[in-house]
Structures are given as C-alpha cells and as structure tokens.
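S.K.: Model the following, please.
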Amino acid sequence: MRHQKKSVKLDRKAQARKALLRNLAASVIVYEKITTTEAKAKAVKPLVEKLITLGKENNLTNYRRLLKFLPTKKATKKVVEVLGPKYKERKGGYLRVVKIGRRAGDGAKLAIIEFV
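M.R.: A predicted model of the protein is given here:
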C-alpha cells in the first residue's frame, strides 16, 4: 500500500520518470509555457519552483546544482540570468497550471503550465 507517498509514479520506472521530469522542467524554463498532461504538469511544478528559488541567489554552488539537474546549459543560464532576477521579490508560486480539457486521441486530461 502507498499510504502517504507523495511522489507521482507516472506509470514509469524510476530512471525514465527522472529523465521525463528533468526534460519537462527544462522545456518549461526555456519556453515559459507548455502544454502537457495534467498529471505531468502537477508533478513538474514543485521541481521547477525549487529551481527558480535556487536561481534567485546567483552563486557558484547554486549554478552547479542547477547544472546537475537540468539537461541543457541553456536552461540553467536562463534560470540564473533571467528568471532568478525576475522573481527576486516574489516568495514563491512562480508557476500556474491551467486545465484545458481532454486530448482527442486518448481522452487524457491536458493542462498548460506557465510562469505567472
């Protein structure tokens, strides 16, 4: 039984789930607005918010932690140079998830995840 287990499995093994969330986080950061399933959007939201919080304080340690998590240097650079300073005064809640209905092919619930 999975009582009080907070992590979402997304019907994948651990490595595939980790890769999916890392790539999804990078896409959200680079494009600032993406359409995905509701479950994936809810799963990636806390990860991206933690990354933005790291980017708010520009130092070598945080930069290296971002490089370790994000698969592309472009995303890391954007967090440190653009998004960190942009949300410097904000205490949290950098993203919003907007539900947009169901996908035509398989009926999956879709959502848009975007920066506030």
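
S.K.: Strands of the protein, start to end?
M.R.: Assigned by DSSP state E, the strands in the chain fall at 33-37, 95-102, 109-115.

S.K.: Please compute how far the last one lies from its chain's middle.
M.R.: The offset between the C-alpha centroid of strand 109-115 and the centroid of the whole chain comes to 11 Å, using Cα atoms, centre = their mean, to the nearest Å.

S.K.: Quickly run through the sheet partners of it, with directions.
M.R.: The sheet places strand 109-115 alongside strand 33-37 (antiparallel), strand 95-102 (antiparallel), with pairing taken from DSSP bridges.

S.K.: rewinding a little: pick the most buried one from the strands of the chain.
M.R.: strand 109-115 (a mean of 17; mean count of other Cβ atoms under 10 Å). For every residue, glycine as well, the C-beta is placed using N, CA and C.

S.K.: Output that strand as CSV, nothing but the C-alphas.
M.R.: Taking Å, rounded to 0.1, in the frame of the first residue of the first chain, the C-alpha atoms of strand 109-115 are listed here in CSV:
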residue,chain,number,x,y,z
LYS,A,109,-6.6,15.5,-19.3
LEU,A,110,-4.5,18.3,-20.7
ALA,A,111,-3.1,21.4,-18.9
ILE,A,112,-1.0,24.4,-19.7
ILE,A,113,1.9,25.1,-17.3
GLU,A,114,3.2,28.6,-17.5
PHE,A,115,5.0,31.3,-15.5
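
S.K.: now what about it, what contacts it?
M.R.: 28, 32-39, 41-42, 44-45, 83, 94-103 (Cβ atoms under 8 Å, 6 or more residues apart in numbering).

S.K.: Same list, the strands of the chain, but as CSV with mean pLDDT and distance to His3 please.
M.R.: CSV is the format used below for these (pLDDT from 0 to 100; distance: least, Cβ to Cβ, whole Å):
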stretch, mean pLDDT, distance to His3
strand 33-37, 97, 25
strand 95-102, 97, 25
strand 109-115, 97, 25
